[in-house]
Structures are given as structure tokens and as C-alpha cells.
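A.B. asks: My questions concern the predicted model and sequence given below.
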2 protein chains.
Amino acid sequence: MVTLKDIAREAGVSVMTVSRVVNGNFSKVSVENIKKIQAIIEKKHYVPNSTARSLSSKSSRIVSLIVRGRGNELTNPYNATMVGEIVPLIQKQGYYLMLHFTDQYGDITQRLRAWNVEGAIFVGTFDGEIQKIIRDNQIPLIFTDSYSRVRQITNVGVDDYKGGELAAHYLLKNGHKNFAFVGWALASGVVRGRFKGFRETLEKAGYPLDRSHILEVKDSLSDIVSAICGFEEDHVAIFTSADLLAVTLMDRLRERNRIAPRDYSIIGFDDLSIAGCVTPRLTTISQSFPKKAKAATDLLFRHIQDPTAPSENVTLDVHLVSRESVSCRHRDGHGPMPVS
Amino acid sequence: MVTLKDIAREAGVSVMTVSRVVNGNFSKVSVENIKKIQAIIEKKHYVPNSTARSLSSKSSRIVSLIVRGRGNELTNPYNATMVGEIVPLIQKQGYYLMLHFTDQYGDITQRLRAWNVEGAIFVGTFDGEIQKIIRDNQIPLIFTDSYSRVRQITNVGVDDYKGGELAAHYLLKNGHKNFAFVGWALASGVVRGRFKGFRETLEKAGYPLDRSHILEVKDSLSDIVSAICGFEEDHVAIFTSADLLAVTLMDRLRERNRIAPRDYSIIGFDDLSIAGCVTPRLTTISQSFPKKAKAATDLLFRHIQDPTAPSENVTLDVHLVSRESVSCRHRDGHGPMPVS
DNA sequence: CTGAAAGCGCTTACAG
DNA sequence: CTGAAAGCGCTTACAG
């Protein structure tokens, strides 16, 4: 391993002047020394030891990405997309990225402290543990899609409520009269927001959502599938809390010979790329992952640079993307027909 | 920040005996001291500084995962699945994981050296650069799906050739007579293997693959789509080098009113979860991602533990999963019908 | 513009 | 069973 000392010896200078060159503090080194030292660094393929740097300077240039769960969390395209967007943004800043999957609070602090991590971005719902996490870690912490009563939390989310509204309006506009909501974890803030926007909009329009039509996914989808097949109405319009859920549901309903948009209509949330390649293509509430990732990393670095920066709550916009999974119910007998 | 010194002072011992307790070398410390020290560690929430540990012990407990590319590489479900499988396996060993996306060779060495990384797993095709990477990094390096003439490389791959054979056999068994191959990057070893197995099997059966039916995807899929639509044969059976390609292709062909398995048949490769939720469900060559990830991390840790361990080339098995995207051509007029 | 000294928080290697 | 010393490779802070 080549060290500063090796370079210094060969250049006939002290480690300090080599250190200055390595760090680009050219103003304090003579031009000839800069050139000489740079040549030697090049020749010997010198790479600064970040471990030593971190120890002495107290700045590690490591950022952590913490994903909730402990299995293959990237099997969920939502997580994969978010992580994949964030990685290049972190690298572009010259930072290193540690990736952690965890579902227990204690882990997080340990992992962050061990490496003097400078900041972290959380992907997934940490609603309940946010308070403890913040209390134990005095570094910039950026949450995504988290709802918490704790003030002073920096979060990047989307307008979940509006997403629900958009879905409801779109279905109403297309002449739907029967509605259902299917969501994972109704307790999570994100899902609750989407649900609320949907329900309240329908209510205002005179279509209160019946309790039997509010479905929460527990362990398996089977119950949900049965419930939907058991609906007495002719054609029900379903709003789901996530594309992945909508896609899986369509697949399971197809096994029971229920095809969208012929037998029912369905709207997703996220606009993952899978939404566009499924049959029928999924109509969904679209959020921008590049923007979300950018907002999160921008906030992260702003807070790393200026620890006194105020916490911020960013809410990104959503819009509806009309594709093929919702039928138009206006002219009876004309069958499914997409309407924008 | 709590340090060994703080604990030592409070316990009235030297840092060395605290260090022993922290590292579990209980045999060399009195029972009472162990208890006393553990209590203080607990109370003060002491977390060892990995940065200092790494510097003095020369072992960082960091492993790198290097994914080829520089955009959102996890948008590709193949990469996402692999990375997602590997993360928990690394964590289970008490190691930390750094994730890097890169498409230039120089980056890799720099990143590995900076943190004294103990080993790395590569996801994606690095065929051409393997030699240089190995030369410059004397740590365990595990490649996946790489083909290289360099001996002494440790690689985990699947039986690509067999995958091609299986696809060909299955299509022949189903009475197909017209064939095509569509692949990304025919130059890569993986794709070449799949293609070769396919072509040679067809040849032996008396169906040499015409040059016009070997399609390589360049920038866009448009050329491929046009080429396929221009085929003179009635029904062509297409073998693609990857599920993602097959799925995208089906979608694009649907725009041109070509539906599988009515108008053409198609087989993918990988068996990503997307293969099962697309319409028609994709018949594909299946590989086990959990096994692949396990093999790669096992090899990695074996080599970290024993640097003299011989390099190994692991080839995992593949099998065909029959779903809905291939028609049976035996009894004319009976239309598509899946055959196992 | 340059460098000697001290120190970051640990572990290694040794002495007792 | 315990600890004092040295050192890992760098940076900070200071003196010149």
C-alpha cells in the first residue's frame, strides 16, 4: 500500500506538502512541488486511505441508505427504483454509499455510528420509530414517504391525498358508480392519505364508500380476491395503494376470469415501469422518482453542509396517467373504452 | 462520541481490557471486569469506531457490490434482484456493504482501495476489463455472468448454453418450424452462450437459423420490431436473451397488433417476477437468484477467510418454465394451446 | 511556501 | 489476567 509518507520520501518533502497537493490546496505549495508530487502520485497509483482520513478529520464522506425490511427488499420495484435513483446522485458528490436493510431500530444507530456516517436517507415506512432514530443520531436524516407527529423531521413525500382525489375524480368522470379501495397497511400514513383523498372525494360526490369495499391486505391476497369476486355490483372501480398491488391483483383476478377493464376497473399508484408493460396497461397516479431522489439527496447534502439548516417537508406533485385499466361507463352497451 | 478510553476510565481499567471485552476475548479478562465493563458499555451506548478499527487492524469488514453502469441500474429487475439477494447475506456475516455503480474501470480500483475493502462482487458484464481489475486489486473478486479468457477468475454463472438448448427443444417439441433470436449485446459471453445453445440445437434438428432471423438490439427496439413484423413466415418462435427484452418486445409488438402466442411465440431468460405477471405469462428459462447470490457471497467469504483458496467457476443449472407465451403448432386449426 | 508535533480511536505485540 | 508502548495513515493547528 502506498502512503503519503512514501510519496513524501520520493519527492523529498514532508507529508504535509503531499497532503496539501492530494487535497487540492494548491495555493500553499510551490508550482514545482505540485508538479513533482502529482507525477509521483500518478506513477505510484496512490489512493488516499479514507479510513485514516475519516479518523483524523471526523468526516467520513459516507452516506447511508436504509431500506426497511430484511429480505430481498429490491424485489419491490418501488424500493429498487428509489435506491437506483439515489446511488448516482450520491456518487456524483464524491460520497460513498453504504446500503443497509433493516427492520429493527437498534441496528440503525449502531450502523450509522460505527462508520461516522455523515447522513442517511430512509426508504420505506419508519413512521413509528422516527422519533427514536432522530433522538439517537445527531446527523442529517432524510425520510421519504414518512408521516410522523414529530416536528423537525425532514421528509420527502408526494401529495398522497391529491392522488386519491385524482383517482376518484377520474372514475367519476368515467361514469363509475361502484367503488372499492385496496391497500397494504392502512395504518401507514402514506396509504391513509391516499385512501382519505379517495374516500372524501367520493363522499362529496354522493358515493360514500361502504365498509365492505375497503380492503386491507393482510398476509395473502386470497381474501381480497374472494371479496372482490363476491361484490354484488356489476362493475366495481378499484383504487389500490400501489402499482405492485394492482398488478398482482389483476393477475389473480384473471385466474378467476375477471378481466380489466371489462369486468372491473383499477387504478394504481406510483407509475412504476411495470405499469406500462402489463396487460391492460395500468392507469395510475404517477410520481416522479428522479425528482423524489433528487429532492432527498439535495436535502441531505444541504444539511450535511450546514447542520443548522432547518428541517423541511417536501411534498411533490402527482398526476394521473390514463392508460387501459379503467373503462368508460357512460354509454351502456358500448363496452370498455378509455377516456382521458 | 464515547470511546474505549471513556469506558476504561469509568471502569478503572486500561483500554486494552475494554478492547478485549468489546471483541469478545473473554478468556483473558476476569469475570468481574467483564461484567463491569459490559454494563458501562450498555449504559453509554458505546459503539466501536470501525474507522479506527480498520486503520489499525487492516481489516475493514467492508464488502463492495459493483454494478455496471451509471444511470439507475436497479430499474433493471435483474440487477435489482441480484443486489437485493446479496445485501442480507453480507449483513448476516457482520460485514458492511458499499454499493457502487460504475462504467469505467479506473473508478473501481480507487473505490476499493480507499476503504480497504476486503472483497467485491460484480454484477453485470465486465468481460473486457476483468483482467485489469484483477491485476490492480489483490483482494477477493467475485464476478457474475462473466466470460473471460483469464484463468484464475472466480465467477458464478448459469448454464447459458443449456438454456438455449432447452428453449430450442421446447419449441421443436411444440411443432415450431420458424425461429428467430433476439439479444442485447451479442458480444457478451452470456448472450453468446444462450444464442449458441439455441442455434446449434436447431441446426442439429435440421432448422439452421437464417442470418435475417438473428437480431441484435442496438439503440432502440424499433428496428427489431419492424424486422419481426416483416418476417414472411406465418408464425415465428422467438428466443430472447432476457425476460426484460421479451416483455418489452411483446409490448411493442402488441402496438402493431401482434399478440403472443397467437401471432408468434416467445421465450425469455431469467424468470424474473415480471415474467409471471405479464399477459400472456412468459415462458422462460429460469435461474435461481437466491442460489446465485448465495454462491457468490459464499465464495467471497471463503476467499476473504482464506486468500489462498483456489479460484472457482460455478455454473448453476437452469430449467424451462412453461407458461403461456408459446403456442402448440401440432394440430392445425386448434389454435394456441400450451404444452408442457 | 514548508514542516514538526500531536492526535483521531483503535489493535498488535509484547512484557509482566 | 492486565497494561504501557507503538503504530495504523491521515489531518489539524501551529510555528516559521
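C.D. replies: Everything's here; your move.

A.B. asks: Every contact and neighbour count from this point should use C-alpha atoms.
C.D. replies: Will do.

A.B. asks: Any chance you could spot the residue sitting in the middle of chain A?
C.D. replies: residue A:82 (4.5 Å; CA atoms, centre = their mean).

A.B. asks: Tell me who's in contact with that residue.
C.D. replies: Shown in contact with residue A:82 (CA atoms under 8 Å, 6 or more residues apart in numbering or on different chains): A:123, A:289, A:293.

A.B. asks: how about 7 Å then?
C.D. replies: Applying CA atoms under 7 Å, 6 or more residues apart in numbering or on different chains to residue A:82 gives the contacts A:289, A:293.

A.B. asks: DNA strand C contacts on chain A?
C.D. replies: Contacts of chain A with DNA strand C, taken as CA under 7 Å from any atom of the strand, map to A:12-17, A:27-31, A:33, A:52, A:55-57.

A.B. asks: Name the nearest of those residues relative to residue B:151.
C.D. replies: residue A:52 (35.0 Å; CA to CA).

A.B. asks: Skipping its backbone neighbours, what lies nearest that closest one in space?
C.D. replies: Distances taken as CA to CA, 6 or more residues apart in numbering or on different chains place residue B:55 nearest to residue A:52, at 6.2 Å, with adjacent residues excluded.

A.B. asks: So the one you found belongs to a strand, correct?
C.D. replies: No: Residue B:55 sits outside any strand when classified using DSSP: H, G, I helix; E, B strand; the rest coil, being helix.

A.B. asks: count of neighbours near it?
C.D. replies: Using other CA atoms under 10 Å in any protein chain shown, residue B:55 is surrounded by 19 other residues.

A.B. asks: Show me the shaky parts of chain A.
C.D. replies: When residues are selected by pLDDT under 70, those of chain A lie in A:332-340.

A.B. asks: Spell out which parts of it neighbour chain B.
C.D. replies: A:47-52, A:54-55, A:70-75, A:80-81, A:84-85, A:88, A:97-99, A:101, A:110, A:113-115, A:248, A:251, A:277-279 (CA under 7 Å from any CA of the partner chain).

A.B. asks: What residues does chain A have near DNA strand D?
C.D. replies: Residues of chain A lying near DNA strand D (CA under 7 Å from any atom of the strand): A:1-5, A:15-16, A:19-20, A:22-23, A:47-50, A:52-57.

A.B. asks: Filter those residues down to just the buried residues.
C.D. replies: A:4, A:15, A:19, A:22, A:47, A:48, A:49, A:50, A:52, A:53, A:54, A:55 (16 or more other CA atoms under 10 Å in any protein chain shown).

A.B. asks: residue boundaries of the strands in chain A?
C.D. replies: A:62-68, A:96-102, A:119-123, A:141-144, A:154-158, A:179-184, A:214-217, A:236-240, A:264-270, A:283-286, A:313-316, A:319-321 (DSSP state E).

A.B. asks: Export only the CA atoms of the first one, formatted as CSV.
C.D. replies: Meaning strand A:62-68. Coordinates of each C-alpha in strand A:62-68 appear next as CSV, following Å, rounded to 0.1, in the frame of the first residue of the first chain:
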residue,chain,number,x,y,z
ILE,A,62,-20.1,8.1,3.8
VAL,A,63,-23.8,8.3,3.4
SER,A,64,-26.2,5.5,4.3
LEU,A,65,-29.2,4.3,2.5
ILE,A,66,-31.5,2.5,4.9
VAL,A,67,-34.3,0.3,3.4
ARG,A,68,-36.9,-1.1,5.7
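
A.B. asks: And that strand, what does it pack against?
C.D. replies: Using 3 or more CA pairs under 7 Å, 6 or more residues apart in numbering or on different chains; DSSP states H and E, the elements in contact with strand A:62-68 are strand A:96-102, strand A:119-123.

A.B. asks: One more pass at 8 Å, please.
C.D. replies: helix A:77-92, strand A:96-102, strand A:119-123 (3 or more CA pairs under 8 Å, 6 or more residues apart in numbering or on different chains; DSSP states H and E).

A.B. asks: Return the distance of it from the chain's centre.
C.D. replies: 12 Å (CA atoms, centre = their mean, to the nearest Å).

A.B. asks: Now do it against helix A:77-92: the angle between them, please.
C.D. replies: 180 degrees (axes from the mean of the first three to the mean of the last three CA atoms, to 10 degrees).

A.B. asks: Paired strands for strand A:62-68, with orientation please.
C.D. replies: Applying DSSP bridges, strand A:62-68 is found paired with strand A:96-102 (parallel), strand A:119-123 (parallel).

A.B. asks: Likewise for the fourth one?
C.D. replies: Under the criterion DSSP bridges, strand A:141-144 sits next to strand A:119-123 (parallel), strand A:154-158 (parallel) in its sheet.

A.B. asks: Residue B:162: which of those is closest?
C.D. replies: strand A:119-123 (39.0 Å).

A.B. asks: Now do the closest residue to residue A:241 other than its chain neighbours: how many residues are near it, please.
C.D. replies: Nearest residue to residue A:241, sequence neighbours excluded (CA to CA, 6+ apart): residue A:183, at 4.8 Å. Residue A:183 has 23 neighbours, counted by other CA under 10 Å.

A.B. asks: Tell me if I'm right that residue A:183 and residue A:217 touch.
C.D. replies: Yes: taking contacts as CA atoms under 8 Å, residue A:183 lies within contact range of residue A:217: 6.1 Å.

A.B. asks: bridging residues for residue A:102?
C.D. replies: Going by DSSP bridges, residue A:102 forms beta bridges with residue A:68.

A.B. asks: Report the contact partners of it.
C.D. replies: Neighbours of residue A:102 in contact, by CA under 8 Å, 6+ apart: A:66, A:67, A:68, A:69, A:70, A:108.
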